[in-house]
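A.B. asks: pasting the sequence and the predicted coordinates here, then a few questions.
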Amino acid sequence: MFRLSGFLAACLCAVAVSADPPAKSEAVPFAGSSTEAINHYIAEGWKKADIKKPADKAPDLEFLRRCFIDLVGRVAAPDEVLDFEQDRSSNKRAKLVNRLLNSTEYTPKVNGRPVLSDDGKKNKVYNYAEEFANHWANQWTVLLLSRTTHRVYREQLHAWLADEFSKDTPYNQIVKQLLTATGAGNRNGASNFVAVHLGEMVPAEKRSTLGNHDAVPITSRVTRLFLGVQTQCVQCHDHPFIKGLEQSDFWGVNAFFRQTTRSAAPTSTTGNNRMMKVEDKLAVSDNDALNKEGRVYYERRDGKMMATKSVFLKGYAQIEIDEGSAKGSRLAAGKTRREQLAEFIVGHDNFGRAAVNRVWGHLFGRGLQKDPTIDDFGSHNEIVQRELIDRLAGDFAKYNYNLKALLEWICTSDVYGLSHVANKDYADAKYDPYFARMPLKAMSPETLFDALAYATQSAAVTSKDPTVRRQLRDAWLAKLVRNFGDDEGNESTFNGTIVQALLMMNGKEINDEVKRKDTGVVAEAMKKNARKQGEQFFYGVVDDLFLTALNRHASRAEMTTLLDVMKKGGVMKSDKPAGPTTKPTQPPVTQPYPKGQPAKGKGKGPSPVPPTGGPVGVGGSYLYDATFYQDVFWALLNTNEFILNH
């Protein structure tokens with residue numbers, strides 16, 4: 001559809017990410033606060049790894065885009081970019097982080113004046129606190145339920161999570177509520193977490209002694225998500241690499257769920273179930289008449305049947321030194337087993353570390369251990385930044401498990417503000433656990449959707465009809481999940497392969513958004529710059545498209561390249577054509593058309609010449625050809641710079 005997109009994307013990918021030279025980083029002396037502790041321990045790690053010069057400080061606009069994606073799950077709008085860029089205060093980065101976490105009514109200013117809403121009648125207002133809550137609810141809904149759980153259950157849990165994040169509910173209280181929730185999911189969305197993962201029904205004749213459900217899925221998910229211990233490995237045998245983690249550990253935790261029951265089986269999204277009625281009021285309860293003895297039976301690999309009661313997982317300190325299983329956990333009277341399990345979970349010595357590592361992994365793409373996996377603690381996976389994770393876990397608990405405080409400490413640290421461009425001497429993967437640069441991170445499908453939707457101003461985010469927004473979101477996400485992620489919340493690493501680029505470029509949703517004639521981003525940019533003369537019109541439109549897609553200005557080299565392509569055309573894959581190329585059908589003009597639109601009969605440029613066995617020639621265009629700017633915008637949306645968080 002877009003004749004220049006492939007060529008333009010290749011041109012743009014070849015140009016440096018930033019037009020401005022990055023600033024040099026400045027070390028902050030260790031003084032005891034949480035953020036300064038991060039700076040101190042990371043610097044100590046560099047010394048141990050003999051890293052003499054980490055990456056430079058990231059340019060301001062690179063930092064801006066990073067914060068928006070990490071904290072509110074989208075790219076910034078051009079007015080937000082200019083507002084930050086024009087802020088001359090020395091603490092502008094800290095102000096940005098705090099704003100994205102907490103501000104409910106923020107109006108950006110450009111050239112000293114408040115930005116107006118689309119109708120021009122009142123100031124434009126952003127509610128970042130609400131966006132933060134929605135973004136983190138998106139991330140945790142995937143972690144807790146996975147992407148293939150029925151949409152009804154995901155929406156119910158998402159609404160509950162967004163409400164809790166908006167109220168700044170302490171993280172340990174959120175976890176407790178998730179583990180102990182009762183009632184129907186349409187009234188208490190938290191109950192969907194346990195309800196969906198209760199597992200298979202126990203045979204009817206054994207339910208009174210063994211409980212209604214085997215609770216296998218919920219057991220492994222709870223220990224992995226909240227403690228960073230992957231007990232699914234020990235469901236059938238002792239852990240092969242961690243001697244202190246045994247089969248009895250899995251079934252000891254499993255016993256805490258054997259008195260939990262649900263009203264019905266959750267509706268599946270697999271198979272031919274489109275005509276099935278959705279069980280939208282899935283209820284969870286506890287029945288102390290079930291599994292009264294609290295004993296669960298399991299079979300060892302040698303065929304021997306074993307039994308265990310409700311025994312909570314040993315402390316991480318015990319796991320690290322390969323101690324045997326805990327001998328027992330006395331259950332208190334007057335509390336359900338799940339209520340006691342919740343107390344054990346939040347009181348576990350790895351609860352804080354696991355939370356810190358998960359947040360760190362969200363921001364840096366990997367945890368503080370030797371291996372990048374963020375939820376796999378054990379003697380097999382050394383904690384490289386041990387002092388740092390212990391300090392942050394302690395501070396996290398001290399400040400009442402305040403998630404926003406933890407994020408603010410990390411996002412205002414020196415290491416979070418580093419450039420993604422590594423010093424060539426430390427580009428080897430062995431230096432990754434020391435964070436001598438900001439790693440490149442693939443966006444989750446949910447975040448990539450929001451980034452695309454906001455960049456293109458899609459009806460998926462602008463429509464006032466919630467049904468329209470949901471339908472469009474579902475259509476986009478279906479493709480993004482298939483191409484850029486998986487069911488469990490793991491993201492594929494986008495490395496700019498042709499196959500992945502084509503999946504983006506050929507998507508109908510993106511095509512339709514970029515082609516919008518009257519209200520699309522390209523059309524609005526052309527209207528905004530309509531009064532500019534000649535090449536100044538070109539520069540204005542292209543810079544607006546860069547600000548919208550990449551949250552930075554186009555560099556001089558990029559402007560020169562694109563202007564040359566517009567005037568002369570170009571050749572894909574080669575500097576010289578193997579066959580004929582098309583020529584511009586219209587010469588460049590010097591005066592803008594009304595409202596930035598091409599004159600009648602001059603609205604389209606030439607089509608590319610079909611391949612003739614060699615490189616494909618691409619025809620030129622002229623200053624006011626909307627299709628050229630659509631090509632540019634489309635190419636920007638399909639660059640690694642857009643798709644990756646850096």
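C.D. replies: Thanks, I have the structure now. Since the model is a prediction, treat every value here as computed from it, not as a measurement.
A.B. asks: and the most centrally placed residue in the chain, its phi and psi?
C.D. replies: Within the chain, one residue has its C-alpha closest to the average C-alpha position: by Cα atoms, centre = their mean, that is Ser444, at 4.2 Å. Backbone dihedrals for Ser444, given as degrees, to the nearest 10, come out at phi -70, psi 160.
A.B. asks: and Asn645, by the same measure?
C.D. replies: As for Asn645, its main-chain torsions (degrees, to the nearest 10) stand at phi -100, psi 120.
A.B. asks: so what's the residue count around the residue nearest to it when sequence neighbours are not counted?
C.D. replies: Leaving aside its chain neighbours, Asn645 sits nearest to Lys441 (4.4 Å; criterion: Cβ to Cβ, 6 or more residues apart in numbering). From N, CA and C alone the C-beta is placed, and that goes for glycine too. Look at Lys441: counted by other Cβ atoms under 10 Å, it has 23 neighbours.
A.B. asks: pretty sure Lys441 is touching His646, no?
C.D. replies: Yes. Taking contacts as Cβ atoms under 8 Å, Lys441 lies within contact range of His646: 7.3 Å.
A.B. asks: low-confidence regions, the stretch 301-450 of the chain specifically.
C.D. replies: Under the criterion pLDDT under 70, the flagged ranges of the stretch 301-450 of the chain are 314-331.
A.B. asks: check contacts around Arg88.
C.D. replies: Contacts here follow Cβ atoms under 8 Å, 6 or more residues apart in numbering; on that basis Arg88 touches nothing.
A.B. asks: how far away is it from Ala55?
C.D. replies: Summarising the geometry, the distance separating Arg88 from Ala55, computed by Cβ to Cβ, to the nearest Å, is 25 Å.
A.B. asks: now do the strands in the chain.
C.D. replies: Taking DSSP state E as the criterion, the chain contains strands spanning 109-110, 113-114, 183-184, 260-262, 283-286, 296-299, 305-308, 441-442, 570-571, 617-618, 644-645.
A.B. asks: can you put these in TSV and add distance to Asn400?
C.D. replies: Rendered in TSV, the data for those read as follows (distance: least, Cβ to Cβ, whole Å):
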stretch	distance to Asn400
strand 109-110	35
strand 113-114	36
strand 183-184	26
strand 260-262	28
strand 283-286	27
strand 296-299	35
strand 305-308	34
strand 441-442	29
strand 570-571	58
strand 617-618	59
strand 644-645	29
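A.B. asks: what's the most buried one of those?
C.D. replies: Using mean count of other Cβ atoms under 10 Å, the stretch among the strands of the chain with the largest mean neighbour count is strand 617-618, at a mean of 25.
A.B. asks: neighbours of Gly73, just the number please.
C.D. replies: When counting by other Cβ under 10 Å, one arrives at 24 neighbours for Gly73.
A.B. asks: try Ser89
C.D. replies: The number of residues packed near Ser89 is 8, by other Cβ under 10 Å.
A.B. asks: what does it show for phi and psi?
C.D. replies: Its backbone dihedrals place Ser89 at phi -70, psi 150, with angles given as degrees, to the nearest 10.
A.B. asks: follow-up on the earlier one: wait, which of the strands of the chain is closest to Gly45?
C.D. replies: strand 441-442 (20.0 Å; Cβ to Cβ).
A.B. asks: in its sheet, what does the closest one sit against?
C.D. replies: Within its sheet, strand 441-442 is paired with strand 644-645 (antiparallel), according to DSSP bridges.
A.B. asks: who touches the strand it pairs with?
C.D. replies: Counting contacts by Cβ under 8 Å, 6+ apart, the residues touching strand 644-645 from outside are 65-66, 69-70, 440-443, 447, 494.
A.B. asks: does Val415 really touch Asn39, like I thought?
C.D. replies: Yes. Val415 is in contact with Asn39 according to Cβ under 8 Å; the separation is 7.2 Å.
A.B. asks: quick one: which of those two has more around it?
C.D. replies: Shown here are Val415 and Asn39; by other Cβ under 10 Å, Val415 has more neighbours (24 against 19).
A.B. asks: distance of the more buried one from Pro59?
C.D. replies: According to Cβ to Cβ, Val415 and Pro59 sit 16 Å apart.
A.B. asks: Asn423 now?
C.D. replies: Relative to Pro59, Asn423 is positioned 16 Å away (Cβ to Cβ).
A.B. asks: count of residues packed around Asp70?
C.D. replies: Residues lying near Asp70 (other Cβ under 10 Å) number 23.
A.B. asks: my read is that it contacts His362, right?
C.D. replies: Yes. With contact defined as Cβ under 8 Å, Asp70 reaches His362; the gap is 6.9 Å.
A.B. asks: distance of Lys304 relative to Asp376?
C.D. replies: When Cβ to Cβ is applied, the distance between Lys304 and Asp376 equals 29 Å.
A.B. asks: higher neighbour count, these two?
C.D. replies: In this comparison of Lys304 against Asp376, neighbours counted by other Cβ under 10 Å, the higher total goes to Asp376 at 17 against 8.
A.B. asks: OK, contacts around that one?
C.D. replies: Asp376 neighbours (Cβ under 8 Å, 6+ apart): 228, 230, 369.
A.B. asks: ok, so of those residues, who is nearest His150?
C.D. replies: Nearest to His150 among the contacts of Asp376, counting by Cβ to Cβ, is Gln230 at 25.8 Å.
A.B. asks: tell me the pLDDT at that closest one?
C.D. replies: You'll see Gln230 listed with a pLDDT of 86.
A.B. asks: domain parsing of this protein, as residue ranges.
C.D. replies: Domain assignment for the chain, taken from automatic domain parsing, gives 5-16+444-645, 34-130+353-439, 187-344.
A.B. asks: contacting residues around the nearest residue to Asp214 once chain neighbours are set aside?
C.D. replies: In space, and not counting its chain neighbours, Asp214 is closest to Gly199: 4.4 Å by Cβ to Cβ, 6+ apart. Residues touching Gly199, when contacts are defined by Cβ under 8 Å, 6+ apart, comprise 213-218.
A.B. asks: okay, those residues in CSV with distance to Trp476, pLDDT and neighbour count next?
C.D. replies: Below are the contacts of Gly199 laid out as CSV (distance: Cβ to Cβ, whole Å; pLDDT from 0 to 100; neighbours: other Cβ atoms under 10 Å):
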residue, distance to Trp476, pLDDT, neighbour count
His213, 35, 95, 23
Asp214, 36, 94, 18
Ala215, 35, 94, 26
Val216, 34, 93, 18
Pro217, 28, 94, 17
Ile218, 31, 96, 24
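A.B. asks: looking at the residues you listed, which is nearest Arg470?
C.D. replies: Minimum separation from Arg470 among these (Cβ to Cβ) is found for Pro217, which lies at 27.3 Å.
A.B. asks: now the helices: where do they sit in the stretch 201-350 of the chain?
C.D. replies: Along the stretch 201-350 of the chain, the stretches classed as helices by DSSP state H, counting those that start in this stretch are 207-210, 216-227, 247-254, 316-320, 337-347.
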